[in-house]
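Engineer: Sequence first, then the predicted structure:
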Number of protein chains: 2
Amino acid sequence: MTTTLQVQGMTCNHCKMAVTNALQELEGVNRVEVHLEKGTVDVDYDETKISLDKLKEAIEEQGYDVK
Amino acid sequence: MTTTLQVQGMTCNHCKMAVTNALQELEGVNRVEVHLEKGTVDVDYDETKISLDKLKEAIEEQGYDVK
């Protein structure tokens, strides 16, 4: 399934890469797209393999708040 | 000598690290301090070993504008 997360504090391409890489390395995550301007992250993932909470945790570990 | 550069576009700690690391790896650079809030970079360097232009280039290569 695909979900869109609201993420606060992503300001530059380094942030974009940090969030993208943190999510992409998780098993069950198929595709990640960060939109800096909108402050959103689209994640396509397999909900039988990973939970939404785990996705949020991975982003928060990079230092960003997920709404 | 120590100089203060005005640098545009540094928004977060990733930017701070990118600029700090790019400068610190240059021969002749002794100390680097990035002030995100002010958009400035203090560089203590040996002007017999490296020119101010080289410092600016290293910052610009990271994607930031030096005023």
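Structural biologist: Cool, the structure landed. Numbering: from 1, shown residues only, chains lettered A, B, ... in the order given.

Engineer: ok, residues contacting the helix or strand A:K54 falls within?
Structural biologist: Per DSSP states H and E, A:K54 falls inside helix A:52-61. The contact list for helix A:52-61, computed with C-beta atoms under 8 Å, 6 or more residues apart in numbering or on different chains, reads A:T3, A:L5, A:V7, A:V19, A:A22, A:L23, A:L26, A:V29, A:V41, A:V43, A:Y45, A:V66. Quick note: C-beta positions are derived from backbone N, CA and C, even for glycine.

Engineer: in it, what's buried?
Structural biologist: A:L55, A:K56, A:A58, A:I59 (16 or more other C-beta atoms under 10 Å in any protein chain shown).

Engineer: Of the residues you listed, which is the nearest to chain B?
Structural biologist: Nearest to chain B among the buried residues of helix A:52-61: A:I59, at 14.5 Å, using C-beta to the nearest C-beta.

Engineer: Can you tell me the SS state at A:H14?
Structural biologist: helix (DSSP: H, G, I helix; E, B strand; the rest coil).

Engineer: could you list every residue that touches it?
Structural biologist: B:C12, B:H14, B:C15, B:A18.

Engineer: Can you mark which positions in stretch A:60-67 are buried?
Structural biologist: Residues of stretch A:60-67 classed as buried: A:Q62, A:Y64, A:V66 (neighbour count, 16+ other C-beta under 10 Å).

Engineer: Quick check: the last one vs A:Q24, distance?
Structural biologist: Looking back up the chat, that one is A:V66. Counting by C-beta to C-beta, to the nearest Å, the separation of A:V66 from A:Q24 is 17 Å.

Engineer: doesn't A:E37 fall inside a helix?
Structural biologist: No: checked against three-state DSSP, A:E37 lies outside a helix; its state is coil.

Engineer: count of residues packed around it?
Structural biologist: By other C-beta atoms under 10 Å in any protein chain shown, 6 other residues sit near A:E37.
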